[in-house]
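A.B. asks: Below are the sequence and a predicted model for it; my questions follow.
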Amino acid sequence: MRTKAFTLIELLVVIAIIAILAAILFPVFAQAKAAAKKTQAISNLKNIGTAGQIYIADYDDQWGIATPLVPGIGYAWDRFIPVKELIKPTTNAGVADAINTFFYNAQQPYMKNWQILNNPGSGQRTPLPASVFTAAGITQADIDAARPPVIHYTYNGLLQGYSSTAIENPAELTVWWTGQGNRGFTGAGYASPQLICTNAASGCSYQPAAAGCGATNGSISFYTSNSSNFGWDMHNRTFVYSYADSHVKTRKSGVYTTAQRDARSDPFAYYLGKEVDRFRAGGARYWDINYCHPYIFRPDFDFQNWDTPLVAP
């Protein structure tokens, strides 16, 4: 009797065919997974943008607070703001009120879900208690025990208290975006850009770009380019933006190029290898001529006419 079996050559051929199919299909599966995450991010920001429209309708068409005034601290610009679920019964009432006014917290009743602030596939990081956490009596142990939501999306803080009817071009002005890259914060929000307000005795609202900016609250701003080593390799090298008219769009990011980019659509124009800090000679292309505010986030910018002598790329 003769036993039928595969020869070594036949087995090798089958293995080679499987390897070839795997090499073809695995990238396709990876792309499909990335596309699904991108679609989810678009859906999240669409829902957030819609919630924002309902919010401003209830608040005299004014956008929310990104730089709250915290008792004992002053304006909490460049600070992590805790989610309201972390507020403790022992927290000072004034501090609790300031935390509740922060836009992530104020808009939560309209979003009904913290998870839509979590960008699919991004990393996360628990910030150590900073000044606002300390003022609220919130410790790292409280954060670990509460397991609060992870927040990735960030808010255009130049809109603090700004009237929606005063926005020059709602279809081009970014309100929410994936501006922290793959970085997320457990139990904390962070506006980017933020108004720099240092005088607690004065109001904090956007002041149009002008020579000598920075002397008064809201006349100068900044935004982060820090991803805490989580990177910017997200959504096939695109960022997702929600605009003031609530539509959502994805755009390629200048994070990956040294080529000149259009500062009206790319907050990281001149980012990789060519960025120049606004306080150094020459300035950076994405800032206005006075280096007060980044073009893409300015509510008074029409996204057509550039400051002179700067010219459109």
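C.D. replies: Sure, I can see it. Numbering: from 1, shown residues only.
A.B. asks: how near is Tyr155 to Ser192?
C.D. replies: Counting by C-beta to C-beta, to the nearest Å, the gap from Tyr155 to Ser192 is 8 Å. In short, each C-beta sits where N, CA and C put it, glycine included.
A.B. asks: Look at those two and report which has more neighbours.
C.D. replies: Set side by side, Tyr155 and Ser192 show unequal neighbour counts under other C-beta atoms under 10 Å, the larger going to Tyr155 at 29 against 22.
A.B. asks: excluding its backbone neighbours, what's nearest the more buried one?
C.D. replies: Distances taken as C-beta to C-beta, 6 or more residues apart in numbering put Ala191 closest to Tyr155, at 4.8 Å, once the chain neighbours are dropped.
A.B. asks: Which parts of the stretch 51-200 of the chain are helices?
C.D. replies: In the stretch 51-200 of the chain, the helices defined using DSSP state H, counting those that start in this stretch lie at 93-101, 103-111, 131-135, 140-146.
A.B. asks: what packs against the first one?
C.D. replies: So that's helix 93-101. Helices and strands touching helix 93-101, as assessed by 3 or more C-beta pairs under 8 Å, 6 or more residues apart in numbering; DSSP states H and E, comprise strand 69-70, helix 131-135.
A.B. asks: Now do the longest one: which elements does it pack against?
C.D. replies: It stands for helix 131-135. Taking 3+ C-beta pairs under 8 Å, 6+ apart as the contact definition, the neighbouring helices and strands of helix 131-135 are strand 69-70, strand 81-82, helix 93-101.
A.B. asks: For those, give me TSV that also has mean pLDDT and mean neighbour count.
C.D. replies: Conversion of the helices and strands packed on helix 131-135 to TSV gives the following (pLDDT from 0 to 100; neighbours: other C-beta atoms under 10 Å):
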stretch	mean pLDDT	mean neighbour count
strand 69-70	95	20
strand 81-82	94	30
helix 93-101	96	18
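A.B. asks: out of those, which comes closest to Thr238?
C.D. replies: Each of the helices and strands packed on helix 131-135 has some distance to Thr238 by C-beta to C-beta; the shortest is strand 81-82, at 27.4 Å.
A.B. asks: and Thr198, which of the helices and strands packed on helix 131-135 is closest to it?
C.D. replies: When those are compared for distance to Thr198 using C-beta to C-beta, the nearest one is strand 69-70, at 11.6 Å.
A.B. asks: for that closest one, packing partners?
C.D. replies: Where contact means 3+ C-beta pairs under 8 Å, 6+ apart, strand 69-70 is packed against helix 93-101, helix 131-135.
A.B. asks: Go again with 7 Å.
C.D. replies: With contacts defined as 3 or more C-beta pairs under 7 Å, 6 or more residues apart in numbering; DSSP states H and E, strand 69-70 has these neighbours: helix 93-101.
A.B. asks: For Pro120, give its distance to Ser205.
C.D. replies: To Ser205, Pro120 is 34 Å away according to C-beta to C-beta.
A.B. asks: low-confidence ranges in the protein?
C.D. replies: Using pLDDT under 70 as the threshold, the predicted model of the chain has low-confidence ranges 1-6, 25-26, 28-32, 256-261, 269-286, 307-313.
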